[in-house]
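Chemist: Sequence and computational prediction follow.
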Amino acid sequence: MLDGPHPQVPADLAERAAERGSVLLHRHRLVRRTGWLLLWAAAVAFVVWASVTEPWVVPPAETSPPLEGW
Amino acid sequence: MTGCLPLAPNEDVRERQASDERLRAREFEAFVAGAAGRLLHAATLLTAEEPHRNPRARRLLTAALAHTYAGWDRLRGEDPYDRARQELAIRFARTAWRRHRGPGGGALSRLSPQERLILVLRLYEGVAEEQTAALLGLPVERVRAICARAVSTMRGTGPRVAL
């Protein structure tokens, strides 16, 4: 029952599939490239921000301790 | 990320990409020439269409082959036929419940889309029970039961399946 008459393969099947596949491939590549670019830009932005604001430096105390005993 | 390293001048990269693409296209064409007949028959069994009027099977196969082409460079020794069959099965499973119902007049039109898919994978394509189960995300026992039910329906002894 599974080996009935075989359908005829369209002549341009490979060509059309390759065309669509090539579009898919380029789209995947573009997405990947954009992702890397974004990641890289985020890393650069972080480094610039960190070196400008230096968040690891303890800010100077805004209140001084009360002066007592003199 | 091959092909976009800033080591070689852009022209060289383009040229290499173009020659890669030509090679891939040639290999792919040879593969399709050998495999398309069998794959299209399997697709036509899945969509339960008649062999001479199978637009849905052709669309299904074209999409599956396009994705096979897109993943061609990442096959890493895997059989492209296996990959194409996998794409076909997954694509059919994803769309079957919506689109592939109804009488199509094909050999397996008495079966439900899921029964057709499992029957074609197991008996026509000879995929092992475990692999079929893994591909479809079903337990092995369930695949066995559905396959048995499909076979008995096709033999005319099992319960008729409402389509």
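Modeler: Sure, I can see it.
Chemist: The helix or strand containing A:Ala14: how far from the chain's middle?
Modeler: Following DSSP states H and E, one finds A:Ala14 within helix A:13-53. Offset of helix A:13-53 from its chain centre (C-alpha atoms, centre = their mean, to the nearest Å): 7 Å.
Chemist: how much space is there between the residue most central in space within chain A and chain B?
Modeler: With distances taken as C-alpha atoms, centre = their mean, A:Gly35 lies nearest the centre of chain A, 2.9 Å away. Using C-beta to the nearest C-beta, to the nearest Å, A:Gly35 is found at 10 Å from chain B. In short, each C-beta sits where N, CA and C put it, glycine included.
Chemist: ok, that residue - contacts?
Modeler: By C-beta atoms under 8 Å, 6 or more residues apart in numbering or on different chains, the contact set of A:Gly35 is empty.
Chemist: what pLDDT does it get?
Modeler: Note on A:Gly35: pLDDT of 98.
Chemist: Report the separation between the residue of chain A found nearest chain B and B:Ala18.
Modeler: Residue of chain A nearest chain B, by C-beta to the nearest C-beta: A:Gly21 (2.7 Å). Separation of A:Gly21 from B:Ala18 (C-beta to C-beta, to the nearest Å): 16 Å.
Chemist: So for the two, which sits in the more crowded spot?
Modeler: A:Gly21 (23 against 10; other C-beta atoms under 10 Å in any protein chain shown).
Chemist: for the residue lying closest to B:Ile146 once chain neighbours are set aside, what are its contacts?
Modeler: Nearest residue to B:Ile146 in three dimensions, chain neighbours excluded: B:Ile118, at 5.0 Å (C-beta to C-beta, 6 or more residues apart in numbering or on different chains). B:Ile118 is in contact with B:132, B:136, B:143, B:146-147, B:150, counting by C-beta under 8 Å, 6+ apart.
Chemist: can you check B:Glu115 too?
Modeler: Here B:Glu115 is in contact with B:108, B:146, B:149-150, B:153, B:161 (C-beta under 8 Å, 6+ apart).
Chemist: Please name every helix or strand in contact with whichever strand or helix holds B:Asp82.
Modeler: Per DSSP H and E, B:Asp82 falls inside helix B:80-99. Here helix B:80-99 touches helix B:10-47, helix B:55-70, helix B:113-119, helix B:129-136, going by 3 or more C-beta pairs under 8 Å, 6 or more residues apart in numbering or on different chains; DSSP states H and E.
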